[in-house]
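Chemist: Give me a 3D structure for the following:
(one chain, ligands or ions: 1)
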Amino acid sequence: MAHMLKDVLINTLSLEEITKLYSSFDVIGDIVIIKIPESLYSKKYLIAKTLLNKIKNVNTIFQQTSPVAGDYRIRNLEFLAGEEKTVTEYKEHGCVFKVDVSKTYFSPRLSTERLRITKLIGEREIIVNMFAGIGTYSIILAKKNPDCIVYSIDSNPTAIELCITNCKLNKVENRVIPLLGDANNVISNKLIGVGTRVLMPLPEKAYEFIESAVLSLENKKGIVHFFAHIKSNNKKNAINDGIEYSMNIFKNYKKKIITCRVIREVGPRIYQVVTDIYLL
Ligand SMILES: C[S@@+](CC[C@H](N)C(=O)[O-])C[C@H]1O[C@@H](n2cnc3c(N)ncnc32)[C@H](O)[C@@H]1O
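Modeler: Model (predicted):
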């Protein structure tokens, strides 16, 4: 859920200060993560305490002090107010997730995309999620599609530990199989030719894993959800640019592009895009 930060702080900061704020912030369970511009650092504890008082069911406030970075896609956090803890429970689409916001990637902003993919799953599908984190996509897909099986790969040991816990919490432990390791290695060792569909939710470098994604599909045919960051003039152009980029990345394969959609803007004129590709 993205609240409007400016609305919450309207009576706490001056108008000039309000205009400097980033507009939204993340609420993950009872933890709030905000970004504060450097010019307002002197007000950070006041901002945090106001959020703590004004937002229902929130117990902890962190400031994000670095971009999402590194192999595990983690952001640095500075504790500002409330209860000093990094683990919380987050609910989405009828599922519950234990999340550690400091040791694993997690974004509530992908909720719509998770539901979109969930609705595309056919009967008895076998899905390979190459970059599954704490299991958010994997578990929602499995919960809503009771005859599918999901292989849920991640290289971050904490993410896999949480994924195992989350599978039990959502009673899908017999159909979501958490696998720790690099997606290339896990697929070449255990998952060649098993899947009907593969998810690649690592937009920064999914393009480096195309061969493994294809290898995981039965007879190298099936659906690929390919995530990418696309530089484009505007949201509308990002779709055409995303299609062109995917056509090029998958140029060695016979394919049909089913659809391409912009998930969100992640920087100035940089869009996170997902392309659904049918490998024939
Ligand atoms: C952007 S996050 C997405 C996580 C999850 N799909 C979600 O939406 O919450 C990407 C994940 O890929 C994992 N990762 C990065 N490189 C990897 C690799 N080579 N093999 C497997 N997982 C990897 C990271 O640890 C991280 O959890």
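
Chemist: which parts of this protein sit against the ligand?
Modeler: 71-73, 105-106, 110, 131-133, 136-137, 153-156, 159, 182-183, 201-202 (C-beta under 6 Å from any ligand atom). (Each C-beta comes from the backbone N, C-alpha and C, glycine too.)

Chemist: Buried among the residues you listed? Make that a ChimeraX selection.
Modeler: Burial among the residues of the chain next to the ligand is assessed by 16 or more other C-beta atoms under 10 Å; the matching ChimeraX selection reads:
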select :72,73,105,106,110,131,132,133,136,137,153,154,155,156,159,183,201,202
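
Chemist: which residues does the closest residue to residue 109 other than its chain neighbours bridge with?
Modeler: Leaving out its chain neighbours, the residue that sits closest to residue 109 by C-beta to C-beta, 6 or more residues apart in numbering is residue 264, at 6.0 Å. Beta-bridge partners recorded for residue 264 (DSSP bridges): residue 272.

Chemist: Name the next helix or strand downstream of the lowest-mean-pLDDT helix or strand in the chain, please.
Modeler: For the chain, the helix or strand with the lowest mean confidence is strand 2-4, at a mean of 55 (criterion: mean pLDDT, DSSP states H and E). Next along the chain after strand 2-4, taking DSSP states H and E as the criterion, comes helix 5-8.

Chemist: what's the next secondary structure element after that following helix?
Modeler: helix 15-20.

Chemist: Which parts of the stretch 101-250 of the chain are helices?
Modeler: 111-120, 136-144, 157-169, 183-190, 210-215, 235-249 (DSSP state H, counting those that start in this stretch).

Chemist: Contacts for the longest one next, please.
Modeler: The reference is to helix 235-249. If you take C-beta atoms under 8 Å, 6 or more residues apart in numbering as the criterion, helix 235-249 is touched by 207, 210, 226, 228, 230-232, 257, 260-262, 265, 271, 273, 275, 277.

Chemist: By pLDDT, give me the weakest of the residues you listed.
Modeler: For the contacts of helix 235-249, the model is least confident at residue 265; its pLDDT is 93.

Chemist: Now that residue. Nearest residue, chain neighbours left out?
Modeler: That would be residue 271: by C-beta to C-beta, 6+ apart, it lies 5.6 Å from residue 265.

Chemist: Surely the one you found is in contact with residue 227?
Modeler: No - between residue 271 and residue 227 there is no contact under C-beta atoms under 8 Å: 11.1 Å.

Chemist: which of the contacts of helix 235-249 count as buried?
Modeler: 207, 210, 226, 228, 230, 232, 257, 260-262, 271, 273, 275, 277.

Chemist: Which members of those residues occur in strands, if any?
Modeler: 226, 228, 230, 257, 260, 261, 262, 271, 273, 275, 277 (DSSP state E).

Chemist: a markdown table for these, including distance to residue 37?
Modeler: Shown next, in a markdown table, are those (distance: C-beta to C-beta, whole Å):
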| residue | distance to residue 37 |
| --- | --- |
| 226 | 34 |
| 228 | 29 |
| 230 | 26 |
| 257 | 39 |
| 260 | 33 |
| 261 | 30 |
| 262 | 26 |
| 271 | 23 |
| 273 | 27 |
| 275 | 34 |
| 277 | 39 |
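
Chemist: Need the max-distance pair from those.
Modeler: 271 and 277 (17.6 Å; C-beta to C-beta).

Chemist: where does this protein have low pLDDT?
Modeler: Along the chain, segments meeting pLDDT under 70 span 1-3.

Chemist: Kindly report the domain assignment for it.
Modeler: 2-85, 103-279 (automatic domain parsing).

Chemist: And residue 34, how far from the ligand?
Modeler: For residue 34, the distance to the ligand (C-beta to the nearest ligand atom, to the nearest Å) stands at 20 Å.

Chemist: What about that residue, how many residues nearby?
Modeler: 22 (other C-beta atoms under 10 Å).
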